[in-house]
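**Q** Quick one, fold the following:
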Amino acid sequence: MEDYRRIADRLAEEILSGRLKPGERLPPQRAFARQRRIAGSTAGRVYAELVRRGLVVGEVGRGTFVRASPAPSGRALAEARAEGEGEAEGEDGQAEARINLELNYPVAEGQSELLAAGLAPLLRPDVLAEATRTAPATGTAAAREAVAGLLGGPGWRPAPERLLFAGNARQAIAGALAAIVRPGGRVGVEALTYPLVKEIARRIGVTLVPLPMDGEGVRPSAVVAAHRAAPLSAVYVQPTLHNPTSVTMGDGRRRELAGVVRALDLPVVEDRIWSFLRDGKEGPTPFASYAPERTFLVDGLSKRVAPGLTVGFLVVPKGRVDAVAEALRSGGWTAGRFALEAAVRWIGDGTVETLVAAKRADAYARQRVVEEWLGEFAVRADPYAYYVWWELPQPWRADTFAAAAAARGVAVTPGPAFAVEPRRRAGSGRSCPPLSPPLSPPISPPLSPRTASPEDRRPLSSPRTATPGDRPSVSPADAVRLGLASVPVPELRAALRTLRDVARSGP
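**A** Have a look, this model is predicted:
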């Protein structure tokens, strides 16, 4: 009998050579077994091997499909592609420019000119000599004061002495988790989460535990249930403009969650990297203000300013500065002095404030473009977010839709890239069952009277903001995330028009 691995090798060659195209459906296992004259059990092992290699994806009742791309590792949402990587090849073999809605770095008009003006003083030889020295994890006194002012708002301002600095926000997350969770520990996270958190957890040896969500984010009861099942070491949340769903927790939910983590004595890592789009006089107060004694707040400049010259911020609880600073030093995650000096100048001269205002207006305008082209579909969004979560119409699946979109020159992120899978129980061949569906009930409109001005309370359109009970929540395998920030608006319009046409056409 032919070894199943050899059969899998031949199918893998067909996939990698393009003879089996992304999104193409493989025969049912029984039909495949008859075609190859092999046992049904062997066919099952072939398909399982292809899944293990990340070449196909399958679901009960739907079949097995060639993946649109290799299984996501998290890199796609963190790093720009090298030159030439972001291109698709047409039928004639020539490269076609791709419109990339995976990467998501906002750039304001006139941004380079604003940044250049702030950097000019640093180029004086005497200033440059000081700016190119090394800096500790605690940064400089000027940086601590400037960032405390940047992050502060009505009712909350971080103490400058509790601020630490990393090279970027991802490194700040890694430093916080490394300081508070031992290898092998369990960290509760939203069932859909920032993909790089999964990569960070893998690298520092911690296990992520998916926590069910609803229309206001993670459920406090889910934290309790997960901790009872097996003790958690910490919780990681995005309470403002959650990526990918755009959900923002209300005041009541934040208070309830703060009460739960305090009762369970759990530290919390609060990721606020996109919160600047929602901050302001009527914006939500950081979760850190509800549980300051246990919250490690992460923020940064990459989205506010630019991804290539950035700094990550960490506000840590009283008494934890030394431990987290040591974790940042050990990981090689501290910020560069030049970046700190540039940040101080950009904050002080109003550059950051100007860029933030421009990007808020830009995000709002881009959401209107989404409404224009995708208003007929179930798209979950916040009017000031730079991304949307699109629950695809049946019978589309995330992977096959991403493949069809790529074939038309548009790159999107399949929903499973954000999904946190339950880990297997030790000594068991079965996975731990999820506590409940990942997003149930469906996400309600995150823009609420608590956080919006009267002018901004207008719904984008009713199909885009389905409320609980309108329709059942879908699996991440049936959704995609669209990043709106990185491409010019004319390209965004073209991409959304293409995606609308693909969705209408069916697989």
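
**Q** Give me the neighbour count for residue 382.
**A** 29 (other CB atoms under 10 Å). Every residue, glycine included, has its C-beta placed from N, CA and C.

**Q** wait, doesn't it sit right on residue 241?
**A** Yes. With contact defined as CB atoms under 8 Å, residue 382 counts as touching residue 241 (6.0 Å).

**Q** top helix in this protein by residue count?
**A** helix 351-374 (DSSP state H).

**Q** packing partners for that one?
**A** Applying 3 or more CB pairs under 8 Å, 6 or more residues apart in numbering; DSSP states H and E, one finds that helix 351-374 makes contact with helix 111-119, strand 387-391, helix 489-505.

**Q** Just want the angle from it to helix 111-119.
**A** Helix 351-374 and helix 111-119 are oriented at 170 degrees to each other (axes from the mean of the first three to the mean of the last three CA atoms, to 10 degrees).

**Q** wait, which of the helices and strands packed on helix 351-374 is closest to residue 156?
**A** Closest to residue 156 of these is strand 387-391 (CB to CB; 25.7 Å).

**Q** neighbouring contacts of the helix or strand just after the closest one?
**A** Using DSSP states H and E, the helix or strand that follows strand 387-391 in sequence is helix 398-407. Helix 398-407 is contacted from outside by 21-23, 57, 65-69, 88, 98, 392, 411-416, 476-480, 498-499, 502-503, 507, using CB atoms under 8 Å, 6 or more residues apart in numbering.

**Q** Which neighbours in the sheet does the following helix or strand past helix 398-407 have, and how are they oriented?
**A** Next in sequence after helix 398-407, counting helices and strands by DSSP H and E, comes strand 410-411. The sheet places strand 410-411 alongside strand 99-100 (parallel), with pairing taken from DSSP bridges.

**Q** ok, and the closest non-adjacent residue to residue 265?
**A** residue 294 (7.8 Å; CB to CB, 6 or more residues apart in numbering).

**Q** I'd like to check which residues are in contact with the one you found.
**A** By CB under 8 Å, 6+ apart, the neighbours of residue 294 are 261, 262, 265, 266, 267, 268, 317.

**Q** Which parts of the stretch 1-150 of the chain are helices?
**A** Counting by DSSP state H, counting those that start in this stretch, residue ranges of the helices within the stretch 1-150 of the chain are 4-17, 29-36, 40-52, 111-119, 125-131, 141-151.

**Q** okay, now the residue lying closest to residue 277 once chain neighbours are set aside: neighbour count?
**A** Spatial nearest neighbour of residue 277, chain neighbours left out: residue 384 (4.6 Å); criterion: CB to CB, 6+ apart. The local packing of residue 384 (other CB under 10 Å) involves 28 other residues.

**Q** do you know how far residue 384 is from residue 35?
**A** 53 Å (CB to CB, to the nearest Å).

**Q** what's the answer for residue 269, then?
**A** Counting by CB to CB, the gap from residue 269 to residue 35 is 51 Å.

**Q** More neighbours: these two, which one.
**A** Ranked by neighbour count (other CB under 10 Å), residue 269 and residue 35 place residue 269 first, with 26 against 10.

**Q** Dump the helices and strands packed on helix 351-374 to a markdown table, plus distance to residue 313 and mean pLDDT.
**A** Putting these into a markdown table (distance: least, CB to CB, whole Å; pLDDT from 0 to 100) gives the following:
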| stretch | distance to residue 313 | mean pLDDT |
| --- | --- | --- |
| helix 111-119 | 18 | 85 |
| strand 387-391 | 22 | 97 |
| helix 489-505 | 30 | 96 |
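
**Q** Show the contacting residues for residue 194.
**A** 77, 238, 243, 271, 418.

**Q** What about these, which are in strands?
**A** residue 271 (DSSP state E).

**Q** Show me the residue at the heart of the chain, geometrically.
**A** residue 194 (3.0 Å; CA atoms, centre = their mean).

**Q** Relative to residue 23, how far out is that one?
**A** 26 Å.

**Q** can you check residue 142 too?
**A** Taken as CB to CB, the span from residue 142 to residue 23 is 53 Å.

**Q** looking at it, residue 122 is touching residue 342, isn't it?
**A** Yes. Applying CB under 8 Å, one finds residue 122 in contact with residue 342, separated by 6.5 Å.

**Q** what's the overlap in contacts for those two?
**A** By CB under 8 Å, 6+ apart, the residues touching both residue 122 and residue 342 are residue 131.

**Q** Those two: which is more packed in?
**A** Between residue 122 and residue 342, counted using other CB under 10 Å, the more crowded position is residue 342 (23 against 16).

**Q** Who are the contact partners of the more buried one?
**A** Taking CB under 8 Å, 6+ apart, one finds 118, 119, 122, 131, 309 in contact with residue 342.

**Q** Looking at these, which is nearest residue 160?
**A** Checking those one by one against residue 160 (CB to CB), the nearest turns out to be residue 131, at 20.1 Å.

**Q** Kindly tell me how buried that closest one is, as a neighbour count.
**A** Residues lying near residue 131 (other CB under 10 Å) number 22.

**Q** element containing the closest residue in space to it that isn't next to it in sequence?
**A** Nearest residue to residue 131, sequence neighbours excluded (CB to CB, 6+ apart): residue 341, at 4.2 Å. Assigned by DSSP H and E, residue 341 belongs to helix 337-348.

**Q** Check which residues of that helix are buried.
**A** 337, 338, 339, 340, 341, 342, 343, 344, 345, 346, 347 (16 or more other CB atoms under 10 Å).

**Q** Same check on stretch 178-197?
**A** For stretch 178-197, by 16+ other CB under 10 Å, it's 178-181, 185-197.

**Q** May I ask which helix or strand of the chain has the lowest mean pLDDT?
**A** Among the helices and strands of the chain, strand 95-97 carries the lowest confidence by mean pLDDT, DSSP states H and E, at a mean of 38.

**Q** where does the stretch 351-500 of the chain dip in pLDDT?
**A** For the stretch 351-500 of the chain, the stretches with pLDDT under 70 are 423-474.

**Q** need the helices for the stretch 201-350 of the chain, in chain order.
**A** Counting by DSSP H, counting those that start in this stretch, the helices of the stretch 201-350 of the chain are 220-229, 251-264, 321-331, 337-348.

**Q** tell me the most buried of those?
**A** With neighbours taken as mean count of other CB atoms under 10 Å, the helices of the stretch 201-350 of the chain reach their highest mean count in helix 337-348, at a mean of 22.

**Q** now that one against helix 111-119, angle please.
**A** Using the same axes, to 10 degrees: helix 337-348 against helix 111-119 is 100 degrees.

**Q** what about residue 158, which SS state?
**A** Assigned by DSSP: H, G, I helix; E, B strand; the rest coil, the conformation of residue 158 is coil.

**Q** From residue 45, how far off is it?
**A** 55 Å.

**Q** Who has more neighbours out of these two?
**A** Neighbours per residue, other CB under 10 Å: of residue 158 and residue 45, the larger number sits with residue 158, 24 against 18.

**Q** Is there a neighbour count for the spatially closest residue to the more buried one that is not a sequence neighbour? I'd like the number.
**A** Distance criterion CB to CB, 6+ apart; nearest residue to residue 158, sequence neighbours excluded, is residue 315 at 4.3 Å. Other residues near residue 315 come to 26 when the count uses other CB under 10 Å.

**Q** Identify the bridge partners of residue 315.
**A** Residue 315 has these beta-bridge partners by DSSP bridges: residue 163, residue 297.
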